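J.: below are the sequence and a predicted model for it; my questions follow.
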Amino acid sequence: MRTKSTLSMVLLLVALFGMPLGAQVLAGPHRPAGVPDGYVITPFGYFHPTCVLKVAQGETLLADGRIIQRADGTLENLPECKYAHYAASGEIVAAGATQVESPTVNGWVESASVTTSTSYGEIVATWTVPPAPTSVVGQTVFFFPGMEDSNDVVSIIQPVLQFGPSAAGGGNYWAIASWNCCPSGTADYSTVVNVNAGDTIQGTVKSTCSAGTESCATWDITTADETSGKSTTLTNSPSEGQTFNWAFGGVLEAYNIAQCSDYPPNASITFQNIALYNDSFTLISNPAWSMTYWATSETPQCDYSGQVSATKVTLYYGAVGSPTASLSPSSLNFGQVPTNGPPKVEGVTLTNNNTVTLTISETTFTGDGGFGINHNYCGSSLGALSSCTIDLQLDTSSGGCGKYTGTFYVYDSATNSPQSVALTGVGVNHIAGGC
């Protein structure tokens, strides 16, 4: 059994090929007052650069991260870190501390999560790299899904998209890496890969054990750019006795945010095609994702909100008072529609009041059958300060006579998504023997 010791080293272990310590980007002037000069940013707080080591491909951490096995099989003791590290709030975490802080104090802004009484075996999610922030002031923004142990928050395993500087390096561009932090105060991540706005990212966290293993000892964490074909993986990364029963469908974590324009200008990110599996690798058809807002008392407040469904998590971080999208008219009456005739068509107008492109992710209907889209002139995006039309129809040929009611929804990147239109109509048949 592993024994936690206050003498455990606190090392941030880096699997970044050819990255000298001098290439790390230091935390800027917007860091919390309690953090000394010369520290670097990680997704887990601020670390001193001398507590950041490289872990090359083919190398493995042993003995709670205190020993490294080189690619040729030789073993090497790692030195103990002599510096404390700090939470995102600036609170000191003593050298040798064995636990990371819970998400309330580690820089998280908002997340969607779910727990289980047993454990999870895998999570997969895809998301799109957003545009770069319009103001660049040394901020760092992380987006990721992941897993933790809700009963003993020691580590988190996560495929990460980052903008800005961190212990991995980085800068005013997007990059991906796979992370595991922080059993016994250590953390490691895979080779950093630069990506571009608009690329599709897929993150996967998967147990390496056989089906039914509740506490698997090692996990594979992969972050892949499906657009470029590049990927970066932590293979057989240790769980250090954790039971990963807390899954996150999407998380926004940020550092040094001084104004809402320090976030990407599209004001939202959507994690979609989310597949969560139990420890027997059986797909969970409808995870009960729940939103949590960790930064309600922090400044600035940027309209943080979220929406969840079984396979999708959307996180919003738009500027306060930011423009929205609108759908008009707010209600639509198709009137009488013959059951023995063609569908009746009426149009609605979607308007993008934002100064950036609106991304349209989904259109849906609720209520009685018969309502549908006749023609969508909007597509998957709508330019800044522009409008488009969606022709809706009511077809009563199958449903027959009577009243029809429903609602049409448009889901998009606006802060007031979804927009909706109430729908009504009546099916009639005026021929002999009709309704």
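T.: Sure thing, it's come through.

J.: does anything pack onto the helix or strand containing Thr424? Which helices or strands?
T.: Per DSSP states H and E, Thr424 falls inside strand 419-428. Applying 3 or more CB pairs under 8 Å, 6 or more residues apart in numbering; DSSP states H and E, one finds that strand 419-428 makes contact with strand 325-328, strand 331-338, strand 344-352, strand 387-394, strand 402-412. C-betas here are computed from N, CA, C, even on glycine.

J.: right, so of these, which gets closest to Thr200?
T.: For the helices and strands packed on strand 419-428, proximity to Thr200 was assessed by CB to CB; strand 402-412 is nearest, at 18.0 Å.

J.: buried ones in the closest one?
T.: For strand 402-412, the neighbour count (16 or more other CB atoms under 10 Å) marks Tyr404, Gly406, Phe408, Val410, Tyr411, Asp412 as buried.

J.: please apply the same query to stretch 233-252.
T.: Quick answer for stretch 233-252 (16+ other CB under 10 Å): 233-234, 237-252.

J.: quick one: distance of it to the chain centre.
T.: Relative to the centre of its chain, stretch 233-252 is centred 14 Å away, using CA atoms, centre = their mean, to the nearest Å.

J.: now stretch 222-242
T.: Offset of stretch 222-242 from its chain centre (CA atoms, centre = their mean): 15 Å.

J.: what mean pLDDT does it have?
T.: Stretch 222-242 shows a mean pLDDT of 92.

J.: contact partners for Arg70?
T.: Neighbouring residues of Arg70 by CB atoms under 8 Å, 6 or more residues apart in numbering: Gly58, Glu59, Glu76.

J.: just list whatever residues bridge to Gln336.
T.: With DSSP bridges as the criterion, Gln336 is bridged to Val426.

J.: need the contact list for it.
T.: Applying CB under 8 Å, 6+ apart, the residues contacting Gln336 are Gly425, Val426, Gly427, Val428.

J.: pLDDT value on it, please?
T.: Looking at Gln336, its pLDDT reads 94.

J.: before we move on, what about Thr314?
T.: Here the pLDDT value assigned to Thr314 is 91.

J.: swap in Gln272?
T.: Looking at Gln272, its pLDDT stands at 96.

J.: excluding its backbone neighbours, what's nearest it?
T.: Lys312 (4.7 Å; CB to CB, 6 or more residues apart in numbering).

J.: and the angle from the helix or strand where Asn374 lies to strand 387-394?
T.: Under the criterion of DSSP H and E, Asn374 resides in strand 371-376. Inter-element angle recorded for strand 371-376 and strand 387-394: 140 degrees (by axes from the mean of the first three to the mean of the last three CA atoms, to 10 degrees).

J.: quick thing: my sequence starts at 157, can you match it?
T.: Okay, using 157 as the starting number, the last item reads as strand 527-532.

J.: next, the buried residues of strand 527-532.
T.: By 16+ other CB under 10 Å, the buried positions in strand 527-532 come out as Phe527, Asn532.

J.: other SSEs contacting the next helix or strand after it?
T.: With elements assigned by DSSP H and E, the helix or strand that comes after strand 527-532 is strand 537-538. The contact analysis (3+ CB pairs under 8 Å, 6+ apart) places strand 537-538 against strand 514-523.

J.: what about 10 Å?
T.: Counting contacts by 3 or more CB pairs under 10 Å, 6 or more residues apart in numbering; DSSP states H and E, strand 537-538 is packed against strand 500-508, strand 514-523, strand 558-568.

J.: wait, which of those strands is closest to Asp547?
T.: When the helices and strands packed on strand 537-538 are compared by CB to CB, strand 500-508 sits nearest Asp547, at 5.0 Å.

J.: partners of that closest one in the sheet?
T.: If you go by DSSP bridges, strand 500-508 pairs up with strand 481-484 (antiparallel), strand 543-550 (antiparallel).

J.: quick one, domains of this structure?
T.: In terms of domains, the chain is parsed into 168-473, 481-584 (source: automatic domain parsing).

J.: so what's the gap between the helix or strand where Tyr472 lies and the chain middle?
T.: Here Tyr472 sits within strand 468-473, counting by DSSP H and E. Distance of strand 468-473 from the chain centroid (CA atoms, centre = their mean) equals 8 Å.

J.: next one: stretch 315-326
T.: Distance of stretch 315-326 from the chain centroid (CA atoms, centre = their mean) equals 14 Å.

J.: circling back: which one among the buried residues of strand 558-568 gets closest to Val292?
T.: For the buried residues of strand 558-568, the nearest to Val292 is Asp568 (25.8 Å; CB to CB).
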